[in-house]
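K.L.:
Attaching a predicted model along with its sequence, questions to come.
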Amino acid sequence: MKVIIVGGVAGGASAAARLRRLDEHAEIILLERGAYVSYANCGLPYYIGGVIAEKSALTVQTTESLRERLKLDVRTRHEAVAVYPDKKLVEIRDLDSAATYTESYDKLILSPGAEAVRPAFPGADDARVFTLRTIPDTYRIADYIKKHAPKRALVVGAGFIGLEMAENLVRAGLQVTVAELSNHAIAALDADMAADVHLYLRQQGVGLQLENGVQSIEPSAGGLHVVLNRGSLEVDMVLLSIGVRPESALANAAGLEVTARGTVVVDAHMRTSNADIYAVGDVVQIVQPITGQPGYTPLAGPANKQGRIAADNIAGLRRVYRGTQGTAIMKLFDMAVGATGLNEAAAQSAGLDYDKVYLMPASHAGYYPGAEPLSMKVLFEKGAGRILGAQLLGYKGVDKRLDVLATAICAGMTADDLTELELAYAPPFSSAKDPVNMAGYLIQELLEGDVQQFHWQQVAGLLQEGFTLVDVRTPEEYARNHIEGAVNIPLDDLRGRLDALDKSKPQYIYCQSGQRSYLAGRILAGSGFTVSHLAGGYQLYASAALGVPTPFIRGKQSKA
């Protein structure tokens, strides 16, 4: 059997390695138009910031190691320029000699990936305007910083890569501004969870311009003059990080089914509309397993899995790819930001009847030194309580809870299931009731009607309607900050001051994070009141509604 694989890195290299392990005698040709066939593209920002010091650390496998260890015919600087499915031929150009030739195949795997979007505004092609997608991109940026010592940088786009680059440009000594066309950073998050990311970025000295895109870039005496939708900036370099588009021209020209967005349509076996051609990685359309709807989620983990599954099917093993859930995490200075499954926009688009809970637990037992705050949002489907999505921020323990919740979503688990999870506990690592368990308890009580909640977006309307909010924090906390118009009845005084509340009206209560207002709500409900508490407490309200930093937000961190 002869298999040609177009493109290396995550999907193609994974497919090649797996296929060799399954078939020692297959002829496997791996074509890569670049000079690097297998590299850690997720690590590229950290080389620019000096966290990864050696170039060799970015290379996962070399051409030589793949040839020697796996007996692969690896051809770097060779580009597939056409596919002829009826003849089962690939036309290939040697980019060094410009010669073209053809190779036949029995099976073909397309893994060309995606290219960074470079918009057509004036100045986008200036040599000081960069994108980051490949190792050569990384070297160009690092060499420019080393040779020209720029002082000011603009990052266009506040997604995961854009913000990772913002951090690493700060580490490289630059003053950084991020411009984002949307109203919040990190599209996987909802705006209320992104609010703390905005505050934290600004605390680290990063300028953040939201709902403000680039119109043009012009050379200036001091570097580059960037004209935004609102205002302008003088910078020395620009990094474009506004997304990627699938490189599907080859597949489209070959007559394979391609969507209007440019993604290649594949079945669960990673097979295209041609039975002998497979496609994997950032070029393919995926299925969102929670909703069953098609989508596009270019991530390294799914690309590796898809490459393996394509190889399995070519080798005769019946494997299926169940879809891309969209689990992602990033390091942002000292903060970790992660998401999995659906956010509110995706749940609404899918027409799901959902609700959400917010938690602000500690990363481990509060009495053990070093506990750090977490901020969690968990979406669930009303009725059975199926977990739909989660978003987490914090300084410790984010990855652990994110992975548990990602697994729960993959398994179709409910809030009841979360309460029953037996997770590792010792004071340095967690609490006897892990934050994941606590999310399950909160959802459970909402579904069973034991607790009612209202959300930060409803506060202004409630006050306009004449309702009084009750702040159950301490007098000292209330004096520092509170919702305008709220009255203070501390939790510990509540039982003795019930006569101050009108039992004929619903009571809307809040505390700092939601824990004390939950207890206050149980007291009031047990005394015959109708009560609802503010989800996420004052902490969420302050960041999402007021843009005010809370104790959750740290000041500027060390570059070390």
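P.N.:
Right, received. Where do you want to start?

K.L.:
For Ala345, grab the count of nearby residues.
P.N.:
Counted with other Cβ atoms under 10 Å, residues neighbouring Ala345 total 12. (Glycine included, C-beta is placed from N, CA and C.)

K.L.:
Repeat that for Ile242.
P.N.:
There are 21 residues near Ile242, going by other Cβ under 10 Å.

K.L.:
Quick one: residues contacting it.
P.N.:
Residues near Ile242 by Cβ atoms under 8 Å, 6 or more residues apart in numbering: 117, 119, 156-157, 159, 162, 181.

K.L.:
All the helices of the stretch 1-150 of the chain, residue numbers only.
P.N.:
Residue ranges of the helices in the stretch 1-150 of the chain, as given by DSSP state H, counting those that start in this stretch, are 9-22, 44-48, 63-70, 135-148.

K.L.:
Those: which one's closest to Tyr358?
P.N.:
helix 44-48 (29.9 Å; Cβ to Cβ).

K.L.:
What is the distance between that closest one and the centre of its chain?
P.N.:
Its chain's C-alpha centre and that of helix 44-48 lie 18 Å apart, by Cα atoms, centre = their mean, to the nearest Å.

K.L.:
do the same with stretch 183-193
P.N.:
The chain centroid and the centroid of stretch 183-193 are separated by 10 Å under Cα atoms, centre = their mean.

K.L.:
gap between the residue sitting furthest away from the middle of the chain and Thr76?
P.N.:
Most distant from the centre of the chain: Asp499, at 48.5 Å, with distances by Cα atoms, centre = their mean. Remark: distance between Asp499 and Thr76 (Cβ to Cβ, to the nearest Å) = 80 Å.

K.L.:
One more: Arg401?
P.N.:
Counting by Cβ to Cβ, the gap from Arg401 to Thr76 is 41 Å.

K.L.:
hmm, back to that, would you mind giving the helices of the stretch 1-150 of the chain as TSV with mean pLDDT and distance to Leu491 added?
P.N.:
Listed next are those as TSV, based on pLDDT from 0 to 100; distance: least, Cβ to Cβ, whole Å:
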stretch	mean pLDDT	distance to Leu491
helix 9-22	93	51
helix 44-48	90	45
helix 63-70	84	63
helix 135-148	94	53
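
K.L.:
Could you dump those helices into CSV and include distance to Gly307 and mean neighbour count?
P.N.:
Converted to CSV, the helices of the stretch 1-150 of the chain look like this (distance: least, Cβ to Cβ, whole Å; neighbours: other Cβ atoms under 10 Å):
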stretch, distance to Gly307, mean neighbour count
helix 9-22, 3, 25
helix 44-48, 20, 24
helix 63-70, 14, 15
helix 135-148, 19, 15
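
K.L.:
Which among those helices is found nearest to Thr340?
P.N.:
Of all the helices of the stretch 1-150 of the chain, helix 9-22 comes closest under Cβ to Cβ, at 19.2 Å.

K.L.:
Which elements pack onto that closest one?
P.N.:
Helices and strands touching helix 9-22, by 3 or more Cβ pairs under 8 Å, 6 or more residues apart in numbering; DSSP states H and E, are strand 2-6, strand 27-32, strand 38-39, helix 63-70, helix 300-314.

K.L.:
Output the below-cut-off pLDDT ranges for the stretch 451-560 of the chain.
P.N.:
Low-confidence segments of the stretch 451-560 of the chain, defined by pLDDT under 70: 555-560.

K.L.:
all helices for it, in order.
P.N.:
Remark: helices assigned in the stretch 451-560 of the chain by DSSP H, counting those that start in this stretch are 459-464, 475-480, 515-526, 537-541.

K.L.:
which residues does the spatially most central residue of the chain contact?
P.N.:
The residue lying closest to the centre of the chain (Cα atoms, centre = their mean) is Ala328, at 4.2 Å. With contact taken as Cβ under 8 Å, 6+ apart, Ala328 is in contact with 160, 188, 299, 338-340.

K.L.:
can I get the residues you listed in JSON lines with distance to Ala439, pLDDT and secondary structure?
P.N.:
As requested, these are exported to JSON lines (distance: Cβ to Cβ, whole Å; pLDDT from 0 to 100; DSSP: H, G, I helix; E, B strand; the rest coil):
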{"residue": "Phe160", "distance to Ala439": "23", "pLDDT": "95", "secondary structure": "helix"}
{"residue": "Ala188", "distance to Ala439": "18", "pLDDT": "97", "secondary structure": "coil"}
{"residue": "Leu299", "distance to Ala439": "24", "pLDDT": "90", "secondary structure": "coil"}
{"residue": "Gly338", "distance to Ala439": "14", "pLDDT": "98", "secondary structure": "strand"}
{"residue": "Ala339", "distance to Ala439": "14", "pLDDT": "98", "secondary structure": "strand"}
{"residue": "Thr340", "distance to Ala439": "13", "pLDDT": "98", "secondary structure": "strand"}
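
K.L.:
closest to His455 among those residues?
P.N.:
After measuring the contacts of Ala328 against His455 - Cβ to Cβ - the closest member comes out as Ala339, at 19.0 Å.

K.L.:
Tell me, how many residues neighbour the closest residue in space to that closest one that isn't next to it in sequence?
P.N.:
Residue nearest to Ala339 in three dimensions, not counting chain neighbours: Ala188, with 3.9 Å by Cβ to Cβ, 6 or more residues apart in numbering. Close neighbours of Ala188, defined as other Cβ under 10 Å, add up to 25.

K.L.:
how close does Ala188 sit to Asp143?
P.N.:
32 Å.

K.L.:
One more: Arg401?
P.N.:
Remark: distance between Arg401 and Asp143 (Cβ to Cβ) = 40 Å.
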